[in-house]
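Undergrad: Dropping a prediction and its sequence here:
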Amino acid sequence: MTEKDFSLRLAQLREEKGVSARDMSLSMGQNPGYINNIESGKSMPSLSGIFYICEYLDITPKDFFDVETSNPTKATELYNIAKKLDSEQLDHLIALAKGLQK
């Protein structure tokens, strides 16, 4: 993932959460322009900053870097529900998901 990809991914996930860059920055205890500077490519977070960003977004770092999953929060929610289903229920869920992909 390039720095530009990181910035775009952060903006995407932040927007899906429905929060402004300023509010996210302040909620994380950072200066008001912290997230905006990352999204604009002016700076990059430290490793601990990435963990704080993920914690704020309620996702794992794996979810953040998995760009094939457009909405990791909902994907995780679905996965957690699916873990509790029996085999027949999972078959129905898979069939429904395949139908939605078309």
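TA: The structure has been received and is ready for your questions.
Undergrad: hey, which helix or strand in the protein has the poorest pLDDT?
TA: Using mean pLDDT, DSSP states H and E, the weakest-scoring helix or strand in the chain turns out to be helix 72-82, at a mean of 89.
Undergrad: and that helix, what does it pack onto?
TA: Helix 72-82 is packed against helix 3-17, helix 61-65, with contacts defined by 3 or more Cβ pairs under 8 Å, 6 or more residues apart in numbering; DSSP states H and E. For every residue, glycine as well, the C-beta is placed using N, CA and C.
Undergrad: Let me know which of the ones you listed is the nearest to Gly41.
TA: Gly41 sits nearest to helix 3-17 of all these, at 5.3 Å, using Cβ to Cβ.
Undergrad: which residue sits farthest out from the middle of this structure?
TA: Farthest-out residue of the chain from its mean C-alpha position, per Cα atoms, centre = their mean: Glu88, at 30.1 Å.
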